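S.K.: Sequence and computational prediction follow.
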Amino acid sequence: MSAAALPVRNASAASRLSLAGEALAARGGIVVLALALFVFLTVPLAMLFARSLEDRSGAFAGLSNFAQYVNSPSLAQSTINTVMFAMLTTLVTVPLAFVFAYAIQRSCIPFKAIWRNVAMIPILAPSLLAAISFIYLFGNQGALKFMLPWFGLQTIYGMPGMVMAMSFAAFPHAVMILMAALALSDARLYEAADSLGTSERRKFFTITLPGAKYGLISASMVVFTMGVSEFGVPKVIGGNTNVLAVDIYKQVIGQQNFSMGAVVGLVLLLPAVAAFLIDHAVRRRQQALLTARSVPYQPKPSPARDRALLAFVGLISVLLLTVVGMAAFGSVVKFWPYNLSLTLTHYTYGFEEAGIEHAYRNSLMMALTCGVLGAAITFAGAYWLEKTRGANLLRPIIRLQAMLPMAVPGLVLGIGYILFFNAPSNPLNFLYGTMAILVLSTLVHFYSSSHLTAVTALNQIDREFESVSASLKVPFYKTFWRVTVPVCLPSILDIGRYYFVNAMTTISAVVFLYSPKTTLAAISILQLDEAGAIGSAAAMATLIVATSAVVTALLFALESVLIRRTQKWRNTSKN
Amino acid sequence: MAINEAAVRLEGVNKAFGSFVALKSIDLAIEPGELVCFLGPSGCGKTTLLRIIAGLEQQTSGRILQNGIDVSHAPPAARDYGIVFQSYALFPNLTISQNVGYGLVNRRKGRTELTARVNELLTLVGLPDAGAKYPSQMSGGQQQRVALARALATAPSLLLLDEPLSALDAKVRERLRGEIRQLQRRLRVTTIMVTHDQEEALSMADRVVVMNHGVIEQVGTASEVYERAATPFVADFLGKVNVLKATALGGGQYRVGNVDLTLPVNGNSAGDAVRIYLRPEDRHVEGDIASLPNRLRGRITRIDYLGTFCLVELRSEALGQPLLISYSLNQLHDLHVREGVEVDVALRVDRVRVFDDSGTQRATA
């Protein structure tokens, strides 16, 4: 063997090895992702289906649970209430959100950034916060209770309070969708209409409204789904009005009737899945609506319209701030509404008395874990899915599973988790009752939106990066780390923030999965409310809002520092 | 490796996307050091063929050999090539130096050696001082050169260019055309370039591969494909061409309308319906036209002013269909060609192509 031949042969052997390693890394990542989604999403949901066909002892019962459900008048009434609640919430929220979004996108009102941020505040709060605020305002000791008869109401408890509180919680989601829908506009359509001498009114009904049609449908579906699957609001302010989400809770936690819980869960799944499918179909069409050549619309000042819209936006913003402010104020007064002297006892003694002084710390830990792990896993998962090669049979299965959580209400996922992880025969049984299962369920519950954010960010960067690396013999994972992650950092931080805030505020899935040791802040609001400690409930809600707000602000600050320091390439001008 | 081995050899390459056939039994050999252009309209399969050679798409069937080695199923990283994409795909967060050195870092070269190689490449593409900049600070043409430097950094034996100039302004495009061609000649690197721009292909390529609907219509030098088009598609796709409906009279005689033309073509039997492909520049307009065969008299009905050469529409009653002929700017002025005037022209038939209605070409004299 000649001396010259040796290094060449070694080099080619090494490169063959690294190629095999690269292919393994690509396929391995895909397999791990598919497996994780299968175990932590699909199997628990499948358990739900299976359990709905069993009786309480676990024997096969066919459809008898469903028959029992249909014949139970109280459950039937719950179904009607649930649909009513979701529909009314949609009817209140979507028109208000549309006018709000219209004012931001299509008028010349001042301070748009402020209004936009105020509209997003409810996202930082657990939905229970609004329910508590409305109890402070209109409840039995409410300061504004005298106003109720003006609207023909005797009490805020029940449908009126539920719809009001839910509209608060759903408002930012509808505003975001409608702002996006109204942002997509083609100025040339308006110019053509102007050249034909079209009135403002006619332009609105023939161009603006049809253009926002898909956004309106999409927003309606999202708000409707939120209403159908909402648990906290009806629990706190629903009074005697039962909804399916509360029934599930009662069946599973109260009566330990998992089979009936599973049946109600499946019933709950129906409208959610239907709404999801409609929304999905609609979004596809919206994308086809606009061509790359469209020219964005620039609103022109119109004093009368702008004044009216400014008044509207101002009023809505004051209402939103009042709801948050009421909870915050209620949390620091001694005894609402009789003794308004300020105190912090609701935060200290109140938490201790209820035995939930560790709940806030738990939530903070869980939300941080979800933020960091969630951002890393979701982004890496989306990257492996979109940018690597091989294991092509698994990819459509992963895509489908990634979208599934969006159609599954948190409570339904929660029951699936109990059924799956609580089974003694499951080797993953050790997770039950731990912080880990709370993190897992939260990651899965909020996976779809995060995944879509990551995919969108990845699709915006040049799709040939991986091809170029391959031609330069650089493995894709090096390019992932050196190029893709730095370029997508803002989106990765967005995903982290989304997970953090949702982990702080969510109740639905985790309410079935917490143990006394791992109880969470948002769940403790329910406990405090049940115990009649509304001051402490308001305190905990306020604490959550404040934490979400601070972390959101910190992440924004971090983002701008990072962009300035490490991403100077981003905003440099050509020379 | 045999000395006379083709740099790239494609054998019966097919590609189907579901029921859509993107490529149909492609056979092609590309010689070492050659610059070959894949030319065709969008959707003709030229980019798919390039991506198959790069290993970025997998062919449905067929073999790809690089320097005699079968790479049909090798992943992209196991093939030896550099590639430049239409979008350049420069890493936006890395400096120009880091971009160019991206593929070198992996090869365990010393820092000084690496820096030297990067500087050498940047000098080669005419950007010696751009190393510290970021891609967003450079113009499109400069980014294109950086992408080229990055592709050449690892000294690949094959360079693939996927519409490298189509995102650039016309002026920059023309300048870069010459620069790429010069660089390619200097480095003698086998190069395949995909383009839909015929001017680009004709001016740069040693050989042009004209593609349409997933098949190769013709392979040849610029003058071969332009002057001796093998199919109606090639004649039509490259440049302007008049398509004259005619009837063969036998013995090289053809009748268009009431005009009889004598062409250096035989192979059509009398009575065959054919189409004569005649380019606007295939005409005599100056000098002693009266003594030339294949004369026409017609009225000028339209002039498209295009600069150096202008296209003129000529209507001759006898011909029965309008004919486009070109005048140089000087001829236009010297011969006082204006709309409405009558002129005499003689058709120049040595490059004329005759296809029968099925598109088959008859033997040329």
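M.R.: Alright, I've got the coordinates. Numbering: from 1, shown residues only, chains lettered A, B, ... in the order given.

S.K.: what number of residues lie near residue A:117?
M.R.: 11 (other C-beta atoms under 10 Å in any protein chain shown). (Each C-beta comes from the backbone N, C-alpha and C, glycine too.)

S.K.: which helices and strands sit right next to the helix or strand containing it?
M.R.: Assigned by DSSP states H and E, residue A:117 belongs to helix A:112-124. Judged by 3 or more C-beta pairs under 8 Å, 6 or more residues apart in numbering or on different chains; DSSP states H and E, helix A:112-124 is in contact with helix A:73-106, helix A:159-183, helix A:303-332, helix A:485-505, helix A:534-566.

S.K.: by how many degrees do the helix or strand following it and helix A:112-124 diverge?
M.R.: Once the chain leaves helix A:112-124, the next helix or strand it forms, by DSSP H and E, is helix A:127-138. For helix A:127-138 against helix A:112-124, the angle by axes from the mean of the first three to the mean of the last three C-alpha atoms, to 10 degrees is 100 degrees.

S.K.: average pLDDT for helix A:127-138?
M.R.: Averaging pLDDT along helix A:127-138 yields 93.

S.K.: Mind listing what's buried along the helix holding residue A:117?
M.R.: Under the neighbour-count criterion of 16 or more other C-beta atoms under 10 Å in any protein chain shown, helix A:112-124 has A:115, A:116, A:118, A:119, A:120, A:121, A:122, A:123, A:124 buried.

S.K.: circling back to that earlier point, quick one: the helices and strands packed on helix A:112-124 as TSV, columns for mean neighbour count and mean pLDDT too.
M.R.: What follows is these, written out as TSV (neighbours: other C-beta atoms under 10 Å in any protein chain shown; pLDDT from 0 to 100):
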stretch	mean neighbour count	mean pLDDT
helix A:73-106	20	94
helix A:159-183	23	94
helix A:303-332	17	95
helix A:485-505	22	94
helix A:534-566	19	90
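
S.K.: Near chain B, which residues of the stretch 301-450 of chain A? Just list them.
M.R.: Within the stretch 301-450 of chain A, the positions adjacent to chain B are residue A:389 by C-beta under 8 Å from any C-beta of the partner chain.

S.K.: ok and the residue in the stretch 301-450 of chain A nearest chain B?
M.R.: The stretch 301-450 of chain A approaches chain B most closely through residue A:389 (7.7 Å), counting by C-beta to the nearest C-beta.

S.K.: a strand runs through that residue, doesn't it?
M.R.: No: with DSSP: H, G, I helix; E, B strand; the rest coil as the criterion, residue A:389 is assigned coil and is not in a strand.

S.K.: residues contacting the most centrally placed residue in chain B?
M.R.: Closest to where the C-alpha atoms of chain B average out (C-alpha atoms, centre = their mean) is residue B:201, at 3.0 Å. Residue B:201 is in contact with B:37, B:39, B:193, B:195, B:208, B:222, counting by C-beta atoms under 8 Å, 6 or more residues apart in numbering or on different chains.

S.K.: Identify the spatial nearest neighbour of the last one, chain neighbours not counted.
M.R.: Sequence neighbours aside, residue B:202 is the residue nearest to residue B:222 in space, at 4.2 Å (criterion: C-beta to C-beta, 6 or more residues apart in numbering or on different chains).

S.K.: residues in contact with the one you found?
M.R.: Residue B:202 makes contact with B:208, B:222, B:225, B:226, B:238, according to C-beta under 8 Å, 6+ apart.

S.K.: Can you list the neighbours in contact with whichever helix or strand residue A:223 is part of?
M.R.: Per DSSP H and E, residue A:223 falls inside helix A:213-229. Here helix A:213-229 makes contact (C-beta under 8 Å, 6+ apart) with A:82-83, A:85-87, A:89-90, A:93-94, A:97-98, A:166, A:169-170, A:173-174, A:177-178, A:180-182, A:244-245, A:268, A:271-272, A:275-276, A:278-279, A:282-283, A:285-286, A:289, A:409-412, A:508.

S.K.: Residue A:471 touches residue B:150, doesn't it?
M.R.: No: taking contacts as C-beta atoms under 8 Å, residue A:471 lies outside contact range of residue B:150: 9.4 Å.

S.K.: joint contacts of the two?
M.R.: Common neighbours of residue A:471 and residue B:150 are listed as B:82, B:103 (criterion: C-beta under 8 Å, 6+ apart).

S.K.: and the residue of the stretch 351-500 of chain A nearest chain B?
M.R.: For the stretch 351-500 of chain A, C-beta to the nearest C-beta, closest residue to chain B: residue A:472, 2.9 Å.

S.K.: Which of the contacts of residue B:201 fall in strands?
M.R.: Among the contacts of residue B:201, DSSP state E puts B:37, B:39, B:193, B:195, B:208 in strands.

S.K.: Would you check that the second one makes contact with residue B:207?
M.R.: This means residue B:39. No: contact between residue B:39 and residue B:207 fails when scored by C-beta under 8 Å: they sit 10.5 Å apart.
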